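S.K.: Please find the sequence and the predicted model below.
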Amino acid sequence: MKKLKKFSGLINKAKNAAKWPIGFARRNKRLSLVLVVVIGALLYMNQRSAPETHDFITVPVTRGNMRHTVTATGEIRPLNTIRVGAQVSGIIEEIFVDFNDKVTQGQILLKIDPSVLQATANEARAALDSAILTRNFDRSEFNRAQTLFREGFIARAEMEMAETRFRTSNETVRRMQSQYDRAQTNLGFATITSPVDGTVISRRVDRGQTVAASLQAPDLFEIAEDLSQMRIETSISEADIGVIREGQSVTFTVDAYPAQTFDGIVRQIRLSPSTVQNVVIYTVIIDVDNKDLKLMPGMTAFVTISVAEKEDVWKAVRAAFLVRTFQNIYDDPCIENGECTPRNTLLIERGNDVVLVPYQRGLATETEIEIVLENNDLLKEGDRIITGRAGVARGNATGTQSRGTSAGGGGGGPPGGGGPMGRR
């Protein structure tokens with residue numbers, strides 16, 4: 001029972017506490033109205049005094065170095081490689097050199113069994129000797145026929161027939177001599193010698209192997225003339241070949257030495273194109289110094305060709321230059337009359353101001369474009385290129401959304417007049 005009375009007392013105190021603010025509000029209606037009017041007036045004045053704000057989409061302007069490069073891959077090859085073959089057929093009798101051996105011009109590399117070639121040469125010599133004997137006999141017969149014809153013992157026809165036999169024998173001797181010379185030459189081809197000074201980088205035959213040179217000369221050795229001078233044959237697509245020039249500097253790396261960078265120079269741009277997977281490519285030859293002999297034939301080179309370099313220039317990412325029109329972004333008389341366009345003018349957000357800066361495009365890389373100004377002071381650190389406004393449909397690049405304020409309220413442009421090259 002005592003608990004019930006205590007609970008009832010708490011309820012009554014709560015009801016009295018709830019009635020207090022209602023009573024205070026009824027007794028102070030005039031004071032409440034005054035507070036509402038004062039607060040509303042303060043908010044209105046604050047809105048009128050605050051500058052008009054815009055939600056711009058911007059891209060930062062930076063200052064630094066630029067380097068335009070073209071990258072590709074290629075194969076490292078000796079500057080001059082000679083494939084040594086055989087002009088005669090036969091069994092390899094002896095091999096005198098192996099892989100990586102140094103050779104000099106005229107050094108014997110290999111010998112083919114000369115027995116068959118020697119027999120052919122002996123046969124040709126026998127035929128030549130026989131033809132010489134026949135010619136000598138026919139010469140004597142011709143001389144006798146001339147003597148008998150002068151003395152009137154034989155007719156002219158017999159003398160002329162003896163002369164014909166002699167001339168035919170003489171031509172036979174010449175033909176047999178040619179066959180013998182050919183047989184001797186082929187016998188000499190059984191000994192293969194090095195045509196240049198160099199290094200044997202490939203040997204493709206073994207002792208006892210049969211060489212068949214009837215249709216095509218088989219390759220026996222591959223000799224690199226000078227491994228201290230190498231070349232890279234790299235393929236450049238038609239999209240990049242226009243900026244490649246002879247004499248440009250090249251850097252490259254190979255997987256064998258990932259921490260080392262090698263240097264080279266563009267020596268030749270071959271005009272003959274080739275098509276790989278519907279892409280037209282051109283071969284570019286790069287000369288490489290290999291005095292330390294670290295680079296080996298067949299290595300894959302990851303090439304970077306330096307096309308152009310500039311230091312300490314104003315630049316921005318490519319997205320900043322994709323704006324097609326300033327409409328619905330910013331209002332200015334220069335923009336309205338068509339004198340200031342995204343092609344010749346940058347819309348710059350500088351603090352709480354918007355500035356029009358005339359410019360030209362300079363060096364362009366895959367990610368950045370140089371901003372060329374009449375005066376480098378037209379841009380300042382912290383400037384941002386306006387590429388659009390939030391909430392406005394556009395077909396240009398996206399950037400970082402920032403909140404800025406116009407310099408004079410609704411639609412007024414920056415101070416200054418004249419053409420785009422005279423505005424800031």
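M.R.: Yep, it's here.
S.K.: hey, where'd the strands end up in the stretch 201-350 of the chain?
M.R.: Here the stretch 201-350 of the chain has its strands, by DSSP state E, counting those that start in this stretch, at 210-211, 219-224, 229-237, 249-254, 257-276, 279-289, 300-317, 345-350.
S.K.: Those strands: which one's closest to residue 325?
M.R.: strand 345-350 (10.9 Å; Cβ to Cβ). Placement of C-beta: from N, CA and C, glycine included.
S.K.: which non-adjacent residue is nearest residue 248?
M.R.: Distances taken as Cβ to Cβ, 6 or more residues apart in numbering place residue 266 nearest to residue 248, at 4.6 Å, with adjacent residues excluded.
S.K.: ok, that neighbour - contacts?
M.R.: 244, 245, 246, 247, 248, 250, 284, 285, 286, 305 (Cβ atoms under 8 Å, 6 or more residues apart in numbering).
S.K.: and which of the residues you listed is nearest to residue 123?
M.R.: residue 285 (49.9 Å).
S.K.: tell me the contacts of the closest residue to that closest one other than its chain neighbours?
M.R.: Leaving aside its sequence neighbours, residue 285 sits nearest to residue 268 (Cβ to Cβ, 6+ apart; 4.0 Å). By Cβ under 8 Å, 6+ apart, residue 268 lies in contact with 246, 284, 285.
S.K.: now do residue 294
M.R.: So residue 294 contacts 256, 257, 260 (Cβ under 8 Å, 6+ apart).
S.K.: What subset of these is buried?
M.R.: For those, a burial check counting by 16 or more other Cβ atoms under 10 Å picks out nothing.
S.K.: any idea which of those is the one closest to residue 389?
M.R.: Nearest to residue 389 out of the contacts of residue 294 is residue 260 (Cβ to Cβ; 50.5 Å).
S.K.: so that closest one sits right up against residue 253, yeah?
M.R.: Yes: contact criterion Cβ atoms under 8 Å: residue 260 and residue 253 qualify, at 7.1 Å.
S.K.: Name the residues contacting each of the two.
M.R.: Counting by Cβ under 8 Å, 6+ apart, nothing touches both residue 260 and residue 253.
S.K.: PyMOL command for the buried members of the contacts of residue 268?
M.R.: For the buried members of these, the matching PyMOL selection, counting by 16+ other Cβ under 10 Å, is:
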select buried, resi 284+285
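S.K.: Let me have the contacts of residue 268 in TSV, extended by distance to residue 112 and pLDDT.
M.R.: Listed next are the contacts of residue 268 as TSV, based on distance: Cβ to Cβ, whole Å; pLDDT from 0 to 100:
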residue	distance to residue 112	pLDDT
246	44	95
284	41	97
285	36	97
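S.K.: before we move on, back to that, among the strands of the stretch 201-350 of the chain, which is the most enclosed?
M.R.: Across those, averaging neighbours per residue (mean count of other Cβ atoms under 10 Å) puts strand 345-350 on top, at a mean of 22.
S.K.: That strand pairs with which strands?
M.R.: Strand 345-350 has these partner strands in its sheet, going by DSSP bridges: strand 353-358 (antiparallel), strand 384-389 (antiparallel).
S.K.: what's the neighbour count on residue 102?
M.R.: Look at residue 102: counted by other Cβ atoms under 10 Å, it has 10 neighbours.
S.K.: how close does it get to residue 221?
M.R.: Separation of residue 102 from residue 221 (Cβ to Cβ, to the nearest Å) stands at 13 Å.
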